[in-house]
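1. could you look at this predicted model? Sequence included:
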Amino acid sequence: MPASKRRLRLLTWHVHGNYLYNLTQVPHDWYLLTDDARSTHYSGRSGTLPWGGNVHDAHVDEVRDMPFDAIVFQSRDAWEEGQHRHLSEAQRRLPRIYLEHDPPQLHPTDTRHWAADPDVMLVHCTHFNALMWDSGESPVRVIEHGVKPLRQVAWTGGLERGIVVVNNLQSRGRRLGLDVYRQMAAKVPLTLVGMNSGLVGGEGEVRNDLLPETVAAHRFFFNPIRYTSLGLAIIEAMMVGAPIVGLATTELVTVIRNGENGFIDTRLDTLVDAMKRLIADPAAARRIGEAGRRTAVERFNIERFIADWMTLLAEVTS
């Protein structure tokens, strides 16, 4: 049977739950490493996401005896330690993909990727990430995000305030825009949600399946992050039709056409003015949010994402 049609057995770790949920829409069998403690990256089919029947747990005590077609790494710990701790020598010789979710966290342009190896396929989820990493001699692919909405929700925007969705903002500091959020929240009403957001005056974590409705109730979505990949929370907000306001940095500048389908700038006062206009003019907010929704559906639809991954997996395992 041709590789593109063969159903594959793929081993990976539970990293970035919403991304993993979208990745497992790719119609192969996905096995998630688990341990008894359901510890970080070893939590398997956990949380409130509606995992499909093609997603399976693979316990660390049993995984060495299980057959796979490829290994998909998603963290430095899995690459440098996990594979040597849990996988057999034969499994470590299988086709390997390293899925990188972020740009370099140390030097932005001169950081060599730890998985740089001509025998490892390095996959980035944005072109910005691929541009910034030194990938050495690794073959590189970019597969942009694809989103399968957890719920079909339409923007209403009845709350005259913006929403910010960032996990652990207090501990992640300037890179994720803690200071930016505080400056903006002093001038415009904002609701902060996410893990441990209560530590900086937020509302706490919102369940995955309830987040689209929470976002849709707010007048706009604000992204305070200076330096990251293109956050799934932004795309998910666009999918429900919420207007996006954010910093004109990283991959977001290729997604938002300023004043058309959202607002981006590096001047915070300019973004404050945009937020106040959205609050004052719900009709304009609806128009801009709808334009953003069309952008998200065209560029980040789950069908394109699945097709891109099917092509890559066929290539790597052929």
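-> That came through fine.
2. backbone phi and psi for the nearest residue to Trp133 once chain neighbours are set aside, please?
-> Excluding its sequence neighbours, the residue lying closest to Trp133 (Cβ to Cβ, 6 or more residues apart in numbering) is His113, at 5.1 Å. Where C-beta positions appear, they are placed from N, C-alpha and C, glycine not excepted. Note on His113: backbone dihedrals following degrees, to the nearest 10 are phi -70, psi 130.
3. which ones are touching His113?
-> Remark: with contacts taken as Cβ atoms under 8 Å, 6 or more residues apart in numbering, His113 is in contact with Tyr98, Glu100, Leu122, Trp133, Asp134, Ser135, Gly136, Ser138.
4. let's see it at 7 Å
-> His113 sits next to Glu100, Leu122, Trp133, Asp134, Ser135, Gly136 when contact means Cβ atoms under 7 Å, 6 or more residues apart in numbering.
5. now the last one: how far from Ala116?
-> Spelled out, it's Gly136. 3 Å (Cβ to Cβ, to the nearest Å).
6. wait, doesn't Ile302 sit right on His145?
-> No - counting by Cβ atoms under 7 Å, His145 is not a contact partner of Ile302; they are 9.6 Å apart.
7. higher neighbour count, the two?
-> For Ile302 versus His145, the count of surrounding residues by other Cβ atoms under 10 Å is larger for His145: 23 against 15.
8. show me where this protein has its strands.
-> Counting by DSSP state E, one finds strands in the chain at the ranges 9-12, 29-34, 55-59, 70-73, 96-100, 120-124, 140-142, 159-165, 190-193, 218-223, 244-247, 263-265.
9. can you give the domain ranges for this structure?
-> 9-146+302-317, 159-299 (automatic domain parsing).
10. nearest to Gln152, out of these?
-> Checking the domains of the chain against Gln152 by Cβ to Cβ gives domain 159-299 as the closest, at 8.5 Å.
11. which stretches of the protein have low pLDDT?
-> Within the chain, the set of residues satisfying pLDDT under 70 comprises 1-4.
12. return the residues in contact with the spatially most central residue of it.
-> Geometric centre of the chain, nearest residue: Leu232, 4.0 Å, by Cα atoms, centre = their mean. Leu232 makes contacts with Asn18, Tyr19, His145, Val147, as judged by Cβ under 7 Å, 6+ apart.
13. out of those, list just those in helices.
-> Among the contacts of Leu232, the members falling in helices (DSSP state H) are Asn18, Tyr19.
14. as TSV, the contacts of Leu232 with distance to Lys276 would be great.
-> Below are those laid out as TSV (distance: Cβ to Cβ, whole Å):
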residue	distance to Lys276
Asn18	31
Tyr19	33
His145	30
Val147	29
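15. the contacts of Leu232, buried ones only, as a ChimeraX selection?
-> In ChimeraX syntax, the buried subset of the contacts of Leu232 is picked out as below (16 or more other Cβ atoms under 10 Å):
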select :18,19,145,147
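16. ok, the contacts of Leu232 vs Leu252, which is closest?
-> His145 (12.2 Å).
17. quick check, that closest one in contact with His124.
-> No - the pair His145 / His124 is not scored as a contact, 11.0 Å apart, by Cβ under 7 Å.
18. overlap in contacts of those two?
-> With Cβ under 7 Å, 6+ apart as the test, His145 and His124 reach no residue in common.
19. what ranges do the helices span in the stretch 51-200 of the chain?
-> 76-77, 83-86, 127-132, 169-172, 178-185 (DSSP state H, counting those that start in this stretch).
20. next, the buried residues of the fourth one.
-> Using 16+ other Cβ under 10 Å as the test for burial, helix 169-172 gives Leu169.
21. and among the domains of the chain, the most buried is which?
-> Most buried of those, by mean neighbour count (mean count of other Cβ atoms under 10 Å): domain 159-299, with a mean of 19.
22. so what would you say the end-to-end distance of that domain is?
-> Length of domain 159-299, first residue to last, Cα to Cα, to the nearest Å: 28 Å.
23. quick one: contacts of stretch 296-304?
-> Contacts for stretch 296-304 (Cβ under 7 Å, 6+ apart): Asn22, Gln25, Glu144, His145, Gly146, Val147, Lys148, Ile235, Met238, Met239.
24. end to end on it, go ahead and measure it.
-> Using Cα to Cα, first and last residues of stretch 296-304 are 12 Å apart.
25. kindly report the same for stretch 92-100.
-> Stretch 92-100: ends 19 Å apart by Cα to Cα.
26. what of stretch 210-227?
-> 27 Å.
27. which residue sits closest to Ala237 in space, ignoring its chain neighbours?
-> Here the residue nearest Ala237, using Cβ to Cβ, 6+ apart, is Phe221, at 3.9 Å.
28. go ahead and confirm that neighbour touches Pro212.
-> No - judged on Cβ under 7 Å, Phe221 makes no contact with Pro212 at a distance of 11.2 Å.
29. quick revisit: of the contacts of stretch 296-304, closest to Asp281?
-> Met238 (19.1 Å).
30. give the contact list for the closest one.
-> Taking Cβ under 7 Å, 6+ apart, we find Met238 in contact with Ile244, Gly292, Arg293, Thr295, Ala296.
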